[in-house]
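Asks: sequence and predicted model, in that order:
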Amino acid sequence: MQTVFEAIKKIAFEIDNAIKTADLGYAEGENASGEDQLKLDVLSDQIIEKEFAKVPAVNSLVSEEKEGELELHDSGSYTVCYDPLDGSSLVDVNLSVGSIFGIYQGILDAQNLVASAYVVYGPRIELVIAMKESKPMLYRAAGDQFRAIGEITLNEKGKLNAPGGTQQNWPPHHKAFIDSLFAEGYRLRYSGGMVPDLHQIMLKGGGLFSYPGTSDKPHGKLRQLFEVIPFAFMYEQAGGQAINDKGERLMELVPGHHHDTSPCFFGSNYEIEALKKAYGVK
């Protein structure tokens with residue numbers, strides 16, 4: 001496992017350099033979800049593929065940017081599912097973006113996730129790694145190395161509210177719930193990037209990130225293997241919760257396809273319990 005984490009650290013520095021120097025225009029194709037690809041998406045995907053090709057422990061890769069699995073090492077134990085550059089459309093306005101990694105052993109479902117990691121590319125490069133039976137650990141780049149900063153623990157109740165999706169497409173009960181949080185004094189923190197917004201809630205001690213099923217995307221927008229499950233693992237390990245719109249743990253998801261999506265809610269315990277009540281689920 002440590003060789004996987006070391007590869008992620010190298011990837012972080014390479015992608016950060018690409019963000020600062022590469023062409024920000026659109027590529028000619030679309031990704032596996034039918035979205036237009038930026039050249040930076042494609043380059044980030046290539047950087048990750050190149051680094052993991054050097055890691056014998058990695059059996060195969062599944063990328064948000066490609067269909068299917070890429071087999072690397074027959075003797076490897078892990079499949080790494082990743083979003084190479086979440087929020088890449090924010091780069092041209094100089095907002096923080098990130099990379100997400102889910103490390104699976106066996107069949108690709110939430111129960112077989114053994115670790116997850118994400119990188120935030122902002123004023124500083126930060127890396128968070130979560131493993132079973134331990135709190136997520138925050139690392140910060142210093143020169144050409146990552147220095148451990150400390151464990152991350154969510155409070156019972158937070159102060160931040162990061163509601164995703166286009167509001168006119170929200171179901172009425174979701175809008176009413178989000179409005180109730182603002183009425184309680186929650187602060188709006190939503191950049192349009194999943195990684196920086198979930199990272200901010202984690203480091204500030206709690207709150208809620210929500211991306212419901214909407215009228216235009218009833219099954220949600222965020223991908224289970226690359227985004228939803230890795231962050232669900234993070235939030236549970238930090239002492240919070242992560243559920244779907246039926247009140248089910250996201251760590252019980254069994255994707256039927258590499259690019260399946262899900263409504264998702266990540267937060268500290270108070271917000272998730274309040275959301276369950278608002279949604280009428282247990």
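Replies: Thanks, I have it.
Asks: what's the spacing between the residue nearest to residue 252 when sequence neighbours are not counted and residue 229?
Replies: Excluding its sequence neighbours, the residue lying closest to residue 252 (C-beta to C-beta, 6 or more residues apart in numbering) is residue 110, at 5.9 Å. The way it works is simple: take the backbone N, C-alpha and C, and place the C-beta from them, glycine included. Between residue 110 and residue 229 the distance is 5 Å, computed by C-beta to C-beta, to the nearest Å.
Asks: now do the shared contacts for those two.
Replies: 250, 251, 253 (C-beta atoms under 8 Å, 6 or more residues apart in numbering).
Asks: rewinding a little: tell me the contacts of the residue nearest to residue 252?
Replies: Neighbour list for residue 110: 224, 229, 232, 233, 250, 251, 252, 253, 254 [criterion: C-beta under 8 Å, 6+ apart].
Asks: where does this protein have low pLDDT?
Replies: Across the chain, the ranges flagged by pLDDT under 70 are 26-36.
Asks: so which residues of it form helices?
Replies: Counting by DSSP state H, one finds helices in the chain at the ranges 2-21, 39-52, 172-183, 194-203, 229-237, 269-279.
Asks: ok, which of those comes nearest residue 245?
Replies: Proximity to residue 245, assessed across the helices of the chain by C-beta to C-beta, is greatest for helix 269-279 (6.2 Å).
Asks: picking up where we left off before, need the contacts of residue 110 in a markdown table (columns: distance to residue 42 and neighbour count).
Replies: Listed next are these as a markdown table, based on distance: C-beta to C-beta, whole Å; neighbours: other C-beta atoms under 10 Å:
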| residue | distance to residue 42 | neighbour count |
| --- | --- | --- |
| 224 | 23 | 28 |
| 229 | 24 | 30 |
| 232 | 27 | 29 |
| 233 | 27 | 24 |
| 250 | 29 | 24 |
| 251 | 31 | 18 |
| 252 | 33 | 13 |
| 253 | 28 | 22 |
| 254 | 30 | 12 |
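Asks: so can I have TSV of those showing distance to residue 13?
Replies: Formatted as TSV, the contacts of residue 110 follow (distance: C-beta to C-beta, whole Å):
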residue	distance to residue 13
224	28
229	26
232	27
233	24
250	30
251	30
252	35
253	32
254	35
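Asks: for the residues you listed, which one is nearest residue 173?
Replies: Distances from residue 173 to the contacts of residue 110, taken by C-beta to C-beta, are shortest for residue 250, at 19.6 Å.
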